[in-house]
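Asker: how would this look folded up:
(2 chains)
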Amino acid sequence: MLFSSVTFLYVFLPIVLLLYFLVPKRLKNHVLLLSSLVFYFFGEPVYTLLLLFSSLSDYAHSLLIEKHRGTKKAKLALISSVAINLAMLGFFKYADFFIETVNTLFNSSLPLTKVPLPIGISFFTFQTMSYTIDVYRGRAHAEKSLLTLATYVCLFPQLIAGPIVRYTDISAQLHERESTLDGLYLGVRRFVFGLAKKVLIANAMGELCAIFRDSADKSVGFYWVYAIAFTLQIYFDFSGYSDMAIGLGGIFGFRFPENFNYPFISRSITEFWRRWHMTLGGWFRDYLYIPLGGNRVSKARWYLNIAIVWAATGLWHGAAWNFVIWGLLFGILLILEKEKLLEGLKRAGRILPHVYVMLIVIISFVIFNADGLQGVKEDLAGLFGAAGLPGWSTETGYYLKSYAVLLALAIIGSTPLPKMLWTRFAERPLGSKLAAVFEPLSVAALMALVTAYLVDGSFNPFLYFRF
Amino acid sequence: MERAKKTALIAVFALFIFGLGAAHIVLPDKELSYAERRRLGKLPELSAEDIFSGEYFTELDEYLLDQFPLRDEFRTLKAGAASNIFFLRDNNGLYSIGDGIYKLEYPLKTTQVELAAKKISAVIEAHPEMGDIYLSVIPDKNYFVAAQNGYLSIDYDSMLETLRFGVPSAEYIDLFPQLTLEDYYRTDTHWRQERLLPVAETLCAAMDAPFDPEHFAESTVGSFQGVLASQSALKAAPDELRILESEGTKTALVKSAEHELPLSVYTLEDFSGMEPYDTYLSGAEAVLTIENPNAASDKKLVIFRDSFGSSLAPLLIDSYSKITLIDLRYVQSAFLDEFAEFDSADVLFIYSTMLLNSGGILK
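Answerer: Reported below is the predicted structural model:
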């Protein structure tokens, strides 16, 4: 089930909220766990068992780790827990990628498993791994209540698209939390704005990308329009979803970590990755990069560590070689920045570093969204005028004009400017009074628009009547 | 003030999700959407197989969307936002200029036009007994407005060239100069019958059939919102559906291959149905024959057509003693002999550019 669906907004969420706020405190986690399982069951009926298995496995392993703390048994339990999680991820997400690669390299024809990918597996396996590792490291106590741990693992607001919430982030709130007026207000506001980012902006950018893909009138200009549109789509989609998750968490009294912090204003790739998908960056830093030795090793090993982390980051996003290339591209750039480039960028003024970051980010997302390695080749050729396409086409002009306002809104909306202006406005005496009216009104307007867009999404006229 | 603002914001959100959620449960489900010309989804039946395959939830999603309270109003809001807030040039491929609504017909699918040409040629080759063979094309409304107003437009010359090249044995009758934007409904894709007398005259002149426009008297059936208004969800002034009647249209015998009882040339009861344009010759029919013993000639005509032919054919009833209308979307060309006689009959292939651009659907 998606947050941006009528089923979630108008059936699932009201029922869950009603139950959650009606039951006594001791039953709130029961409601959250049950509703989370229903939420997952709606999209992945069979794989709900996998989610329960994951909860049970990590519950048992963490208790073993705690019981045998400081002994070899604890280490074995940790290895077993991590191995189970990686095996699940490996089988469901990477098995066919591995088989395809072997088939290509050795000209073999091993059959593919064709097992469907369980939704959110990359998120919940990473969360549960962080839990057992933190218990092993002594940063968290093993959760004694299976219900509480299962609530953490299955918690629907962040289950399928993050942010990657570590157990240590919310362990206290899993046991004791309050739903306050402030929490509800901030949660609802964040949720609605995230929903609008997803439905009104990201989906529109997605439409533009789909139009480009279907077009028989491509041009170099259209490739750039597509590249910009996709960059905006992925930002508004992903950050919108994170906003919704954080907002929902707030409604239920949780404080989830932030996941995005205006990444497109960055002036270096290093800064970009401190602002983009922050919880994933933090996870790889704490559970892979530092255990590998981080930068406290020889230079060659340090480079290797960075390469491993960024190849893994790429693979985490998808089981295909274009994701590996995408990750390694950032790895290489981060190494270059750490060497000399970063200092050079600091001396290059305000505009040039920003242009450099956006150019790299836009090109990187073209690689990210390409259809395999051949797709990367074709898309980059199109982008840089090596595909024999004209510079401009009728369709390019039409769709650029058509989506100009949305593109402008998306570009401005991806910067801190709107928030800055709003804060300044709301801080003034008159602004504060107007905000009291404007905020609820804007929530009403956004909910009406989002609902209108969702309802229209099902518009499906019978084709005979075209003629 | 702060507390009131926070409470109001939460209340607005709650009002939406609980209010619309409750309305969804309370309001009765609708069977049909007249706006979208389709049946709406029903609450799926529970079965273990559907639940575990995920099919149940997909159908439930569809049902909830189809039966959403104020669905048409929300669609209107979306259409308004798309054009007035986000300034999109088209919404779901629909755009409006003045009080007219249009559907983008783009890009030109040459392969589809070639498939249509191939099918027409195959029909001609399979029936050497055909009399004179004619080919004509009806431009869609975009032809008159799209390019001039900066909308995407197909290369109509290229389409016609492809078609005519693919059907060399037919004599082409050019209707493009006979038509203007005013000859089409503002809210519908179709042309207006009451404006088609010059078109009928041109066709009859080319096919050497008698035609007298004075035979026809115009009357109004009623006002209606065409398919484009419904699809666009925009508020539009209604069109008027008018019919041209003659002695021939009143007395002709209309038979359908799909119905036992004879039909009328104008089925007025269809006007209040899902598709008012079905008033002309009952709408979608695979094969129809219209016999008029009082026609001005004993010539026979076979028309291969799409829905545009429904409003054109009545104007030819006084000119031909028998007209057979064939819609190759609904009948396989291999079985034509069972329904139609081509013996020395004039044969007219007349299709809209919209159909030709999806020519693969001809069977």
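Asker: domain ranges for the chain?
Answerer: With no chain named, the answer covers chain A. With domains defined by automatic domain parsing, chain A comprises A:6-177, A:184-413, A:417-466.
Asker: meant chain B actually
Answerer: Domain assignment of chain B by automatic domain parsing yields the ranges B:2-69, B:100-361.
Asker: Burial-wise, tell me which of those comes out on top.
Answerer: Mean neighbours per residue, mean count of other C-beta atoms under 10 Å in any protein chain shown, is largest over these for domain B:100-361, with a mean of 19. Using the backbone N, CA and C atoms, a C-beta is placed for each residue, glycine as well.
Asker: what sits against B:Leu27?
Answerer: When contacts are counted by C-beta atoms under 8 Å, 6 or more residues apart in numbering or on different chains, B:Leu27 touches B:Gln67, B:Pro69.
Asker: per-residue pLDDT, it?
Answerer: According to the prediction, B:Leu27 has pLDDT 91.
Asker: What are the buried residues along the helix or strand containing A:Thr313?
Answerer: Assigned by DSSP states H and E, A:Thr313 belongs to helix A:299-317. By 16 or more other C-beta atoms under 10 Å in any protein chain shown, the buried positions in helix A:299-317 come out as A:Trp302, A:Tyr303, A:Asn305, A:Ile306, A:Val309, A:Trp310, A:Ala311, A:Thr313, A:Gly314, A:Leu315, A:Trp316, A:His317.
Asker: What of stretch A:347-367?
Answerer: For stretch A:347-367, by 16+ other C-beta under 10 Å, it's A:353-354, A:356-358, A:360-367.
Asker: what's the offset of that stretch from the middle of its chain?
Answerer: 21 Å (C-alpha atoms, centre = their mean, to the nearest Å).
Asker: ok, the spatially most central residue of chain A - contacts?
Answerer: Nearest to the mean C-alpha position of chain A, by C-alpha atoms, centre = their mean, lies A:Phe238 at 4.7 Å. For A:Phe238, the contact set (C-beta under 8 Å, 6+ apart) comprises A:Ala161, A:Asn259, A:Phe260, A:His277.
Asker: Tell me how many other residues surround the closest residue to chain B within the stretch 51-200 of chain A.
Answerer: Per C-beta to the nearest C-beta, A:Tyr185 is where the stretch 51-200 of chain A lies closest to chain B, at 3.8 Å. Here the number of neighbours of A:Tyr185 (other C-beta atoms under 10 Å in any protein chain shown) works out to 22.
Asker: ditto for A:Pro45
Answerer: Other residues lying near A:Pro45 total 18 when counted by other C-beta under 10 Å.
Asker: A strand includes it, no?
Answerer: No: secondary structure assignment (DSSP: H, G, I helix; E, B strand; the rest coil) places A:Pro45 in coil, not in a strand.
Asker: these two touch, right, it and B:Ile51?
Answerer: Yes: between A:Pro45 and B:Ile51 there is a contact under C-beta atoms under 8 Å: 6.1 Å.
Asker: Name the residues contacting each of those two.
Answerer: By C-beta under 8 Å, 6+ apart, the residues touching both A:Pro45 and B:Ile51 are B:Phe57.
Asker: roughly how far apart are A:Ser122 and B:Leu281?
Answerer: A:Ser122 is 58 Å from B:Leu281, where distance means C-beta to C-beta, to the nearest Å.
Asker: Excluding covalently adjacent residues, which one is nearest to B:Tyr320?
Answerer: B:Leu301 (4.4 Å; C-beta to C-beta, 6 or more residues apart in numbering or on different chains).
Asker: three-state assignment of the one you found?
Answerer: Put simply, B:Leu301 is strand when judged by three-state DSSP.
Asker: tell me the pLDDT at it?
Answerer: Note for B:Leu301: predicted pLDDT of 95.
Asker: quick one: it and chain A, what's the gap?
Answerer: Going from B:Leu301 to chain A by C-beta to the nearest C-beta, to the nearest Å gives 21 Å.
Asker: ok so, going back, with mean pLDDT as added columns, please give the domains of chain A in JSON lines.
Answerer: Formatted as JSON lines, the domains of chain A follow (pLDDT from 0 to 100):
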{"stretch": "domain A:6-177", "mean pLDDT": "93"}
{"stretch": "domain A:184-413", "mean pLDDT": "94"}
{"stretch": "domain A:417-466", "mean pLDDT": "82"}
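Asker: Out of those, which gets nearest to B:Asn92?
Answerer: domain A:417-466 (6.3 Å; C-beta to C-beta).
Asker: picking up where we left off before, got the buried residues of stretch A:347-367 as a markdown table, with secondary structure columns?
Answerer: A markdown table is the format used below for the buried residues of stretch A:347-367 (three-state DSSP):
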| residue | secondary structure |
| --- | --- |
| A:Pro353 | helix |
| A:His354 | helix |
| A:Tyr356 | helix |
| A:Val357 | helix |
| A:Met358 | helix |
| A:Ile360 | helix |
| A:Val361 | helix |
| A:Ile362 | helix |
| A:Ile363 | helix |
| A:Ser364 | helix |
| A:Phe365 | helix |
| A:Val366 | helix |
| A:Ile367 | helix |
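Asker: re the thing from before, what's the first helix or strand after the host helix or strand of the residue nearest to the centre of chain A?
Answerer: Using DSSP H and E, A:Phe238 maps to helix A:220-251. Counting by DSSP H and E, the next helix or strand C-terminal to helix A:220-251 is helix A:269-275.
Asker: Show me what that following helix is packed against.
Answerer: helix A:321-336, helix A:351-368 (3 or more C-beta pairs under 8 Å, 6 or more residues apart in numbering or on different chains; DSSP states H and E).
Asker: now do 6 Å
Answerer: The contact analysis (3 or more C-beta pairs under 6 Å, 6 or more residues apart in numbering or on different chains; DSSP states H and E) places helix A:269-275 against no helix or strand.
Asker: gap between that helix and the chain center?
Answerer: For helix A:269-275, the gap between its own C-alpha mean and the chain's C-alpha mean amounts to 15 Å (C-alpha atoms, centre = their mean).
Asker: what's the next helix-or-strand element following that helix in contact with?
Answerer: Using DSSP H and E, the helix or strand that follows helix A:269-275 in sequence is helix A:278-284. For helix A:278-284, the external contacting residues (C-beta atoms under 6 Å, 6 or more residues apart in numbering or on different chains) are A:Phe126, A:Pro163, A:Ile164, A:Pro257, A:Asn259, A:Trp273, A:Val309, A:Thr313.
Asker: for the first one, what are its contacts?
Answerer: This points to A:Phe126. A:Ile164, A:Trp283 are the contacts of A:Phe126 under C-beta under 6 Å, 6+ apart.
Asker: a helix runs through it, doesn't it?
Answerer: Yes: A:Phe126 sits within a helix when classified using three-state DSSP.
Asker: tell me the SS of the residue lying closest to B:Ser230 once chain neighbours are set aside?
Answerer: Leaving aside its sequence neighbours, B:Ser230 sits nearest to B:Ala35 (C-beta to C-beta, 6+ apart; 4.4 Å). Classification of B:Ala35 by three-state DSSP places it in coil.
Asker: Pretty sure B:Ala35 sits against B:Ser232.
Answerer: No: B:Ala35 is not in contact with B:Ser232 according to C-beta atoms under 6 Å; the separation is 9.7 Å.
Asker: Which element, helix or strand, includes residue 60?
Answerer: I'll assume chain A. Per DSSP H and E: A:Ala60 is located in helix A:48-67.
Asker: Wait, chain B was what I had in mind.
Answerer: helix B:55-66.
Asker: Is there any residue in that helix that contacts chain A?
Answerer: Yes: Helix B:55-66 reaches chain A (C-beta under 6 Å from any C-beta of the partner chain) through B:Phe57, B:Asp61, B:Leu64, B:Leu65.
Asker: Flag whichever of the domains of chain B has the least confidence on average.
Answerer: Ranked by mean pLDDT, the domains of chain B end with domain B:2-69 in last place, scoring a mean of 89.
Asker: separation between the residue of the stretch 151-300 of chain B found nearest chain A and B:Leu356?
Answerer: Proximity of the stretch 151-300 of chain B to chain A (C-beta to the nearest C-beta) peaks at B:Val227, 4.5 Å away. As judged by C-beta to C-beta, B:Val227 and B:Leu356 stand 19 Å apart.
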